[in-house]
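In: I'd like to go over a predicted model; first the sequence, then the structure.
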Amino acid sequence: MFDTVFGLPVHVLVLHFAVVLVPLAALATIAVAVRPAWLPRFGVWVAALDAVMVVLVWATKESGEKLLKRIYPDPSARPAAMRTHIERGDDLLWYVVALFVVAAALVVVARLRARGQAAIRDTVPAFVVPVVAVLAVAAAVLVTVQVVRTGHAGSQVVWKPIVQSTNG
């Protein structure tokens, strides 16, 4: 399933979606975290988008593992840059999971605070929403940095030898 599609490696196709969409999802998370007025209207959608990013990054990781086994069946033959890319890709999945969890938590605590009944509203202290919003911004920044680091490491594996061989 994660090996090839139309004769091309799935990884090469899905990674471009991840490289573009994960930072956009992170930006959407930042937007609802710093604009409390947007949270009730868009918060659930942003958390859902972050959940989709978890699936997308997981698919990218799985397809990368299939491609890796195809190109380097012997793990000892893998270049150091490849190992760096693999480690960063493994970590990226957890960063995206954290982004989703914090975005979902932000939606939940904001909704609890917005309830009109004092018994429900008072279950979440007033300081919790801004604290979770700061955590959401931090998670969004970190996930974006990790996407760049992972993508850069992967690009080095593919393109550095080609560029070096064509430098005359």
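Out: Everything's here; your move.
In: Can you show me the helices along the protein?
Out: Counting by DSSP state H, the chain has these helices, from start to end: 10-34, 39-71, 80-114, 118-121, 128-165.
In: how about these in CSV, adding mean neighbour count?
Out: Using the backbone N, CA and C atoms, a C-beta is placed for each residue, glycine as well. Written out in CSV, the entries for these read as follows (neighbours: other C-beta atoms under 10 Å):
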stretch, mean neighbour count
helix 10-34, 19
helix 39-71, 18
helix 80-114, 19
helix 118-121, 10
helix 128-165, 17
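In: Could you dump these into TSV and include mean pLDDT?
Out: Compiled in TSV, these are given as follows (pLDDT from 0 to 100):
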stretch	mean pLDDT
helix 10-34	97
helix 39-71	97
helix 80-114	96
helix 118-121	72
helix 128-165	95
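In: Let me have those helices in JSON lines, extended by distance to residue 2.
Out: Written out in JSON lines, the entries for those read as follows (distance: least, C-beta to C-beta, whole Å):
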{"stretch": "helix 10-34", "distance to residue 2": "5"}
{"stretch": "helix 39-71", "distance to residue 2": "4"}
{"stretch": "helix 80-114", "distance to residue 2": "13"}
{"stretch": "helix 118-121", "distance to residue 2": "44"}
{"stretch": "helix 128-165", "distance to residue 2": "16"}
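In: of all those, which lies closest to residue 4?
Out: Of all the helices of the chain, the one in closest proximity to residue 4, counting by C-beta to C-beta, is helix 10-34 (6.3 Å).
In: Show me what that closest one packs onto, helices and strands only.
Out: Applying 3 or more C-beta pairs under 8 Å, 6 or more residues apart in numbering; DSSP states H and E, one finds that helix 10-34 makes contact with helix 39-71, helix 80-114, helix 128-165.
In: Next, the angle from the longest one to helix 80-114.
Out: Think helix 128-165. Inter-element angle recorded for helix 128-165 and helix 80-114: 160 degrees (by axes from the mean of the first three to the mean of the last three C-alpha atoms, to 10 degrees).
In: If I take helix 128-165 and helix 10-34, what angle do their directions form?
Out: Following the same axes, to 10 degrees, one obtains 150 degrees for the angle between helix 128-165 and helix 10-34.
In: Residues contacting stretch 33-50, please?
Out: With C-beta atoms under 8 Å, 6 or more residues apart in numbering as the test, stretch 33-50 has contacts from 25, 28-29, 31-32, 96, 99-100, 103-104, 106-107, 110-111, 114, 129, 133-134, 136-137, 140.
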